[in-house]
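Chemist: okay, here's the prediction I keep looking at, along with the sequence it came from:
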Amino acid sequence: MSREAVRIVPAGDSTLLVQFENRIDPVVNARAIALARAIEAAAIAGVRDVVPTYRSVAVFFDPLRTNVDGLTRAIEREALRPAHVAADLAPPIRVPVCYEGDCGPDLADVASFAGMSPDEVVAIHTAAAYRVFMLGFLPGFAYMGIVDDRIAAPRRSSPRVRVPRGSVGIAGRQTGIYPSDAPGGWQLIGRTPIQPFNIAGPSPFLFKAGDSVQFVAVDRAEFDRLVRLKPDSTYKG
């Protein structure tokens, strides 16, 4: 990887941004995640937090404890190492989704956008294994992709004031699960009983950057059964 493909820029006096190519791409994202993990593993004095995104990494540090020049050199050295899309080697996390009725209020609109039936949209959405590119917006909200272009409907022109927890949405080439009730403008095509964020659990976050996720269609009766069971992160159906 060339130096020209990486930019390290300050964001104030206590943050460095490491920027890779400006596109949604699994290889670019793998580099960002690998860099974030390498910086965390290095335990550099004064580094407070490391946050990977689609194509960049934010490194937060204490300017009174950190040698910024040394940190920059360490970041550059790690950023130039090759990275691999490791998520492809692990089985995907299976997430049950009910696409029926009020679980998918925008499914018909997405089908209209795609020029196909709702069942065909569901078949395409469940056929792929999606990469978790990053977490953000809400605790546990995983931005996943890449959605098939045929069903990559844009965000709604008017966001909803409240989107129910567990709603599965599409926004262009991204898909994701709302981990809590919140405003949102994504096209809602289904709903899952799985909880992406559970602060009372041993590990609050179900997903992490680099994971692979596959949605599994279930009917309303199965959805209701799973809600009563409070299932874990792995769907056995």
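Modeler: Cool, the structure landed.
Chemist: residues in contact with the helix or strand harbouring residue 60?
Modeler: Assigned by DSSP states H and E, residue 60 belongs to strand 56-61. Residues outside strand 56-61 that contact it (Cβ atoms under 8 Å, 6 or more residues apart in numbering): 11, 14-20, 32, 35-36, 39, 44, 46-51, 68, 71, 75. In this view, the C-beta of every residue, glycine as well, is placed from N, C-alpha and C.
Chemist: what's the mean pLDDT across it?
Modeler: Averaging pLDDT along strand 56-61 yields 96.
Chemist: chain center to it, what's the gap?
Modeler: Distance, stretch centre to chain centre, for strand 56-61: 18 Å (Cα atoms, centre = their mean, to the nearest Å).
Chemist: also stretch 152-168?
Modeler: For stretch 152-168, the distance to the chain centre is 16 Å (Cα atoms, centre = their mean).
Chemist: and for stretch 145-152?
Modeler: For stretch 145-152, the distance to the chain centre is 14 Å (Cα atoms, centre = their mean).
Chemist: repeat that for stretch 111-127.
Modeler: 21 Å.
Chemist: for stretch 136-151, same thing?
Modeler: Distance, centroid of stretch 136-151 to centroid of chain: 5 Å (Cα atoms, centre = their mean).
Chemist: what about that stretch, average pLDDT?
Modeler: What stretch 136-151 shows for mean pLDDT is 94.
Chemist: then stretch 19-29?
Modeler: On average, stretch 19-29 scores 90.
Chemist: same question, stretch 94-107
Modeler: Stretch 94-107 shows a mean pLDDT of 97.
Chemist: list the buried ones in it?
Modeler: For stretch 94-107, burial by neighbour count (16 or more other Cβ atoms under 10 Å) applies to 94-100, 103-107.
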